[in-house]
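**Q** need a 3D model of the sequence below.
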Amino acid sequence: MVGRSVRRATDDAAHDDADRRAGMTTSDEDRKKAATEAARWLVSLEEDPDDASLRARFDAWLATSPVNAVAWRHTAEIYDLMEKVPPAHAEHWRRRAGARDRIASLQGRDMPALRQARPAGPPRRRRLIVAAVMAMAACLAVVLLPSVLLWLEADHVTSTAEQRSLALQDGSTIRLAPDSAVAIDYTADRRLVRLIRGEAFFDVAAMPSRPFRVVARNLTVTVLGTHFDVRLGEDEAVVAVRQGRVNVGPASTPARRAATERLDAGNWMRIDRSGAVRRGTVPPNEVGAWLDGQIVARDRRLSDVVDDLRRYYAGMIVLADRQFGEQAVSGVYNVADPVAAMRAVVGAHGGVVHQVSPWIIVVSGS
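**A** Residues are numbered from 1 along each chain as shown. As a prediction, the model looks like this:
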């Protein structure tokens, strides 16, 4: 079993209990932060195996919280696994002898000496490998652990590249995009849908006595009958109207209950996690273009388009350069071939798409 080599002198049941405690009491942001830090510790300890001060700081970080300990174990398991996977492209990968023993030594209490040699290969290749490890660690911390809770919370969930049409009891229809989830709450006097993840297109049957509401993180959309799209990104929630009109505002709190705005066909609104609002317009027929297998971008951040393409790729896409992801992108991209679409998006701005394994893509600015 893959994980055994990195769990010497430990008890699996204790690990499982640590996973449960960390998963139940920790936010997604904390898990992602711990996963990223664990991957960086892995690289730092390989580069300077004899640095006693570095080792002491690592010990202190590991002991700080159960979340850090779980993140480190997951990162070690991933690194162990990657040693066993043949490379998709040899120029991006090189086997590292003794990786399993080095990780095991850090996982154990006695902390024997690490291998003296630094990892082989040029800096760019090493950055790709580090990005891959970080991506998989973050996936385990932020995607796999909360997924059980997602299935309990959601009424409908789609997988990678899957679209689903949901016919509601009032005649309304929800088109659920890939890698998305919704919870539906209908009562005699209200129609409420909560977008938990991803994106959905709504075709709402008119019922003046029962307004239709969609809640997506920190925004609420209220309609009587219309066609509109709602998308949850990593840092923002976006609503766009194809037909009719909607009222949009922050999710209801006593201090902000009246802060709503009307959007007509072709209008869109974006609210980020801080509550900052942006508005704009698009041709109405471009709203929900994903229904026809397209991503239409008009001055969108490259990172947002990458997020959209992730839902169609059966693996992981890592954006290694955050600044590169801030560039504005315009174009029409076919999601039937997400890798080709990714190359088109990135290549137009001087970036490179590295397929470092059959299931990991790393996007960098050069």
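**Q** could you report the neighbour count for the nearest residue in space to residue 266 that is not next to it in sequence?
**A** Distances taken as C-beta to C-beta, 6 or more residues apart in numbering put residue 284 closest to residue 266, at 4.5 Å, once the chain neighbours are dropped. For glycine as for every other residue, the C-beta is placed from the backbone atoms N, C-alpha and C. The tally of other residues near residue 284 (other C-beta atoms under 10 Å) stands at 16.
**Q** wait, doesn't residue 284 sit right on residue 229?
**A** No - look at residue 284 against residue 229 with C-beta atoms under 8 Å: they stay out of range, at 10.8 Å.
**Q** any shared contact partners between the two?
**A** 241-242 (C-beta atoms under 8 Å, 6 or more residues apart in numbering).
**Q** sorry, back to before: residues in contact with the residue nearest to residue 266?
**A** Applying C-beta under 8 Å, 6+ apart, the residues contacting residue 284 are 241-243, 265-266.
**Q** roughly how far apart are it and residue 267?
**A** For residue 284, the distance to residue 267 equals 9 Å [C-beta to C-beta, to the nearest Å].
**Q** touching both of these two, which residues are there?
**A** residue 241.
**Q** what's the farthest-apart pair in the contacts of residue 284?
**A** 243 and 266 (9.5 Å; C-beta to C-beta).
**Q** please, a ChimeraX command that selects the buried ones among the contacts of residue 284?
**A** Per 16 or more other C-beta atoms under 10 Å, the buried members of the contacts of residue 284 correspond to this ChimeraX selection:
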select :241,242,265,266
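**Q** closest one of the contacts of residue 284 to residue 214?
**A** Using C-beta to C-beta, the contacts of residue 284 come closest to residue 214 at residue 241, 12.1 Å.
**Q** beta-bridge partners for the closest one, please?
**A** residue 228 (DSSP bridges).
**Q** quick check, it in contact with residue 261.
**A** No - counting by C-beta under 8 Å, residue 241 sits too far from residue 261 to count as a contact (11.7 Å).
**Q** for the stretch 201-350 of the chain, which spans come out with low pLDDT?
**A** For the stretch 201-350 of the chain, the stretches flagged by pLDDT under 70 are 252-259.
**Q** ranges for the helices of it?
**A** 302-310, 338-347 (DSSP state H, counting those that start in this stretch).
**Q** mind giving me the packing neighbours of the shortest one?
**A** What that stands for is helix 302-310. strand 294-301, strand 316-319, strand 328-334, helix 338-347 (3 or more C-beta pairs under 8 Å, 6 or more residues apart in numbering; DSSP states H and E).
**Q** please convert those to CSV, extending it with mean neighbour count.
**A** Putting the helices and strands packed on helix 302-310 into CSV (neighbours: other C-beta atoms under 10 Å) gives the following:
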stretch, mean neighbour count
strand 294-301, 17
strand 316-319, 21
strand 328-334, 15
helix 338-347, 19
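**Q** residue 70: which of the ones you listed is closest?
**A** Across the helices and strands packed on helix 302-310, closest to residue 70 is strand 316-319 (C-beta to C-beta), at 19.6 Å.
**Q** and that closest one, what other elements does it pack with?
**A** helix 123-138, helix 302-310, strand 360-364.
**Q** so can I have JSON lines of the helices of the stretch 201-350 of the chain showing distance to residue 328?
**A** Output for the helices of the stretch 201-350 of the chain, formatted as JSON lines (distance: least, C-beta to C-beta, whole Å):
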{"stretch": "helix 302-310", "distance to residue 328": "8"}
{"stretch": "helix 338-347", "distance to residue 328": "12"}
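**Q** specify the stretch among the ones you listed that is closest to residue 327.
**A** Of all the helices of the stretch 201-350 of the chain, helix 302-310 comes closest under C-beta to C-beta, at 4.8 Å.
**Q** now do the buried residues in the longest helix belonging to the chain.
**A** For the chain, the longest helix by residue count, based on DSSP state H, is helix 28-47. Within helix 28-47, the residues that count as buried by 16+ other C-beta under 10 Å are 30-39, 41-43, 45-46.
**Q** mean confidence for the following helix or strand past that helix?
**A** Helices and strands here follow DSSP states H and E; after helix 28-47, the next one along the chain is helix 52-64. Averaged over helix 52-64, pLDDT sits at 91.
**Q** contacts for helix 52-64, please.
**A** Looking at helix 52-64 with C-beta under 8 Å, 6+ apart, the contacting residues turn out to be 37, 41, 44-45, 48, 68-69, 72, 106, 111.
**Q** most widely separated two among the residues you listed?
**A** The farthest-apart pair in the contacts of helix 52-64, when distances are taken by C-beta to C-beta, is 48 and 69, at 21.8 Å.
**Q** those two: who's more crowded?
**A** residue 69 (20 against 14).
**Q** separation between the residue nearest to residue 323 when sequence neighbours are not counted and residue 45?
**A** Counting by C-beta to C-beta, 6+ apart, residue 323 lies nearest to residue 365, which is 7.3 Å off, once chain neighbours are set aside. Going from residue 365 to residue 45 by C-beta to C-beta gives 27 Å.
**Q** thought residue 305 was touching residue 333?
**A** Yes - counting by C-beta under 8 Å, residue 333 is a contact partner of residue 305 at 7.2 Å.
**Q** what residues are shared contacts of the two?
**A** Joint contacts of residue 305 and residue 333 (C-beta under 8 Å, 6+ apart) are 295, 297, 345.
**Q** OK, contacts around the nearest residue to the first one once chain neighbours are set aside?
**A** What sits nearest to residue 295 in space, not counting adjacent residues and going by C-beta to C-beta, 6+ apart, is residue 333, at 4.5 Å. The neighbours of residue 333, taking C-beta under 8 Å, 6+ apart as the test, are 294-295, 297, 305, 309, 341, 344-345.
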